[in-house]
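Q: this is a predicted model, with the sequence first.
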Amino acid sequence: METAARWSWSQADPCAEEAELLALTGLTEEEYAAWLAAPAQRDGDVPAPADAIADAPPGPALAGRLATVDLQRCSPAQLVGVAAAAVRLASWAASVESAATAALTERVQQFRGVGPRPDQVAPEEMAATELGAGLSLSPATARLRVELARSLQRLPLTRAALAAGEIDVTKARAVADYTDRLDERAAALVEARVLPRAAEQTAAMLRASLRRAVIAVEPILAEERAGAAATERGVWHE
């Protein structure tokens, strides 16, 4: 039985066969034997094996498993896997932060004196003020977080990749920066071109791909605009 990805031996059936216990806890036979040799550990939680988190999706369950991994027992390859899992988790957490920031920007519009008029405080500015106070951020840093959250709202593929741990915040910000001046259709085309390979690229490589993608989508958009204009004029080519 799993609670926040921590295995409690007291929840296991003491009459279960060894194979069933191994399946329940995810331990290898060697780890199970080591556990049996340390009676003092039997009333506590069984550490999640490092291999169990190698490809685990980011989220609360992965956080629980990372908290129970015994780094001293990990091989170099397993330590790399643990580090990679932690990075995926950080990306997922960043996606939650971004979503919360975007929601905050919407919510503060209910505040008196906040709105789009020149005599009002802009929602983005108010959200940045609230974030800065709550997270002890400088005004500039708070504004950058609000701007990224706003940009990601129109970049669904980038939001999904960040939440899945496929890209980190640096890469997400690169996509946002390169698509900031594009309309939604152009931004969607750029996303579709660069994100399939973004997980395997460095941030610098992704930025290079983004530059090429921005240049490449312009002919596509020009053709779409020409087709739309021809349709509006009622011109068809056989």
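A: Received the coordinates, thanks. Residues are numbered from 1 along each chain as shown.
Q: looks like I167 contacts S91 (just checking).
A: Yes - counting by Cβ atoms under 8 Å, I167 does reach S91; the two are 6.6 Å apart. Bear in mind the C-beta positions are built from the backbone N, C-alpha and C, glycine included.
Q: more neighbours: which of these two?
A: Taking other Cβ atoms under 10 Å, I167 and S91 do not tie; I167 has more neighbours (26 against 22).
Q: tell me the SS of that one?
A: coil (DSSP: H, G, I helix; E, B strand; the rest coil).
Q: tell me how far the residue nearest to it when sequence neighbours are not counted lies from D168.
A: Using Cβ to Cβ, 6 or more residues apart in numbering and skipping the chain neighbours, the partner closest in space to I167 is A161 (4.7 Å). Per Cβ to Cβ, to the nearest Å, A161 is found 10 Å from D168.
Q: how many neighbours does the residue nearest to I167 have?
A: So A161, with other Cβ under 10 Å, has 23 neighbours.
Q: and for the helix or strand hosting it, what's in contact with it?
A: For A161, the host element (DSSP states H and E) is helix 156-163. For helix 156-163, contacts defined as Cβ atoms under 8 Å, 6 or more residues apart in numbering pick out 58, 91-92, 94-96, 98-99, 152-153, 167-169, 172, 175-176, 188, 191-192, 195, 198-199.
Q: continuing past it, what's the next helix or strand?
A: The first helix or strand that comes after helix 156-163 along the chain, using DSSP H and E, is helix 169-179.
Q: that next one: what's the following helix or strand?
A: Next along the chain after helix 169-179, taking DSSP H and E as the criterion, comes helix 184-198.
Q: list the buried ones in that following helix?
A: 186-191, 193-195, 198 (16 or more other Cβ atoms under 10 Å).
Q: with only the CA atoms kept, save it in PDB.
A: Output of helix 184-198 as PDB, limited to C-alpha atoms (Å, rounded to 0.1, in the frame of the first residue of the first chain):
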ATOM      1  CA  GLU A 184      -1.200  32.900 -31.400                       C
ATOM      2  CA  ARG A 185      -1.200  31.000 -34.700                       C
ATOM      3  CA  ALA A 186       2.400  31.700 -35.300                       C
ATOM      4  CA  ALA A 187       3.300  30.900 -31.700                       C
ATOM      5  CA  ALA A 188       1.500  27.500 -32.000                       C
ATOM      6  CA  LEU A 189       3.400  26.700 -35.200                       C
ATOM      7  CA  VAL A 190       6.800  27.500 -33.500                       C
ATOM      8  CA  GLU A 191       5.800  25.400 -30.400                       C
ATOM      9  CA  ALA A 192       4.900  22.400 -32.600                       C
ATOM     10  CA  ARG A 193       8.300  22.700 -34.400                       C
ATOM     11  CA  VAL A 194      10.600  22.900 -31.500                       C
ATOM     12  CA  LEU A 195       9.100  21.100 -28.600                       C
ATOM     13  CA  PRO A 196       9.400  17.500 -29.900                       C
ATOM     14  CA  ARG A 197      13.200  17.700 -29.600                       C
ATOM     15  CA  ALA A 198      13.500  20.200 -26.700                       C
END
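Q: please enumerate the helices of the chain.
A: For the chain, the helices defined by DSSP state H occupy 18-25, 29-36, 60-68, 76-107, 123-135, 139-152, 156-163, 169-179, 184-198, 203-233.
Q: any idea which of the ones you listed scores lowest on pLDDT?
A: Ranked by mean pLDDT, the helices of the chain bottom out at helix 18-25, with a mean of 53.
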